[in-house]
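Q: Sequence first, predicted model second:
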Amino acid sequence: MHDDELEVGDAPGRDEVLTAADVADGPIPVHVACVMDGNGRWAARRGLPRTEGHAAGEAALLDAVEGALELGIPWITMYAFSTENWRRPPEEVRYLMGFNESLLMRRRDELNEKGVRIRFAGRRDWRVPKRVLKRMDESIELTKGNRRCTLTMAFNYGGRAEIVDAVRELVRDGVKPEKVTEKAIRSHLYFPDQPDPDLVIRTSGEHRISNFLLWQLAYSELVFTEVLWPDFRRSDLFAGVRDFQRRQRRYGGVT
Ligand code: IPE
Ligand code: IPE
Ligand code: MG
């Protein structure tokens, strides 16, 4: 069947369409993190260039945020560009930089009006164009007073790089070996105030972490869906939350 013939809600890989009411009675995760994957394959299936898949991912991102707001999830983190994504062809990297910049320009006011605080986790190194950094700073500044939900965009983000950066700071501060504790490392992560993700959702049928939040995911519940990111909608977020509600978290203990 061609995708055009699919009914609303029938994204390939989606079992059913859920609403917030379907999960609202159970425990709601405090922090949900998403690996927004499958844009290239979504485009390839339509005979389009990979960049069209990234463009189509914007609607998915916004709808996922709407869903999080509906459920009252206070922290969401979205993996937008990894420290390894620089390995992609230069045209795609260039596109992604420009796309993220224009997405912020197009969407920051709307997110701000909804009470979303925007932040960025990742390295601000020389490879990130200045104008992108400028839009990031403007978005942070514009939304810094919002508390309804914090949206962290993981951009030029790597879990290993984050740990390296934390250790570098500890060394720079002259912290003695016996003072290097889990708490000390945590306090030097990019956002020490942020609770660890309760739930991580990865789209596109890949079952891996790809260097996302390595420290913070120690006890997160992982949900994998076949849905490709551009097809992802709040219903898929709710499905992830329902999976989460069926899990039993033990943190190494017994129940
Ligand atoms: C995710 O989609 C977006 C980024 C990594 C920036 P991909 O571009 O990885 O899409 P696939 O995995 O190749 O289908
Ligand atoms: C992870 O997806 C990074 C983002 C979604 C931004 P990738 O597509 O880069 O991951 P791999 O290469 O398949 O592991
Ligand atoms: Mg991918």
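A: Okay, I see it. Residues are numbered from 1 along each chain as shown. Ligands and ions are numbered 1, 2, ... in the order given.

Q: what does the stretch 51-200 of the chain have sitting close to ligand 2?
A: Tyr79, Ala80, Phe81, Ser82, Asn85 (Cβ under 6 Å from any ligand atom). Any C-beta I mention is one placed from the backbone N, CA and C, and that applies to glycine too.

Q: Redo these as a markdown table? Include secondary structure.
A: Formatted as a markdown table, those follow (DSSP: H, G, I helix; E, B strand; the rest coil):
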| residue | secondary structure |
| --- | --- |
| Tyr79 | strand |
| Ala80 | strand |
| Phe81 | strand |
| Ser82 | strand |
| Asn85 | helix |
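
Q: Those also near ligand 1: which ones?
A: The overlap between those and the neighbours of ligand 1 (Cβ under 6 Å from any ligand atom) comes to Phe81, Asn85.

Q: Nearest to Gly159 among the residues of the stretch 51-200 of the chain next to ligand 2?
A: For those, the minimum distance to Gly159 (Cβ to Cβ) is 9.0 Å, reached by Ser82.

Q: what distance separates stretch 153-164 from the centre of its chain?
A: With Cα atoms, centre = their mean, to the nearest Å as the basis, stretch 153-164 stands 12 Å off its chain's centre.

Q: Relative to ligand 2, how far out is Arg124?
A: Distance, Arg124 to ligand 2, using Cβ to the nearest ligand atom, to the nearest Å: 17 Å.

Q: And for Glu182, the neighbour number?
A: The tally of other residues near Glu182 (other Cβ atoms under 10 Å) stands at 9.

Q: Alpha carbons of the lengthiest helix in the chain, in CSV - could you do that?
A: What stands out as the longest helix in the chain, according to DSSP state H, is helix 90-113. The C-alpha trace of helix 90-113 is given here as CSV (Å, rounded to 0.1, in the frame of the first residue of the first chain):
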residue,chain,number,x,y,z
PRO,A,90,28.9,18.1,4.2
GLU,A,91,25.7,19.1,2.3
GLU,A,92,23.6,17.2,4.8
VAL,A,93,25.5,18.7,7.8
ARG,A,94,25.1,22.2,6.2
TYR,A,95,21.4,21.6,5.7
LEU,A,96,20.9,20.4,9.3
MET,A,97,22.7,23.5,10.7
GLY,A,98,20.5,25.8,8.6
PHE,A,99,17.4,23.8,9.4
ASN,A,100,17.9,23.9,13.1
GLU,A,101,18.6,27.7,12.9
SER,A,102,15.4,28.3,10.9
LEU,A,103,13.3,26.0,13.0
LEU,A,104,14.2,28.1,16.1
MET,A,105,13.3,31.3,14.2
ARG,A,106,10.0,29.9,13.1
ARG,A,107,9.0,28.2,16.3
ARG,A,108,10.5,29.9,19.3
ASP,A,109,7.6,32.4,19.7
GLU,A,110,5.0,29.7,19.6
LEU,A,111,7.0,27.6,22.1
ASN,A,112,7.5,30.6,24.3
GLU,A,113,3.7,31.3,24.3
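
Q: Please consider this matter closed, and thank you.
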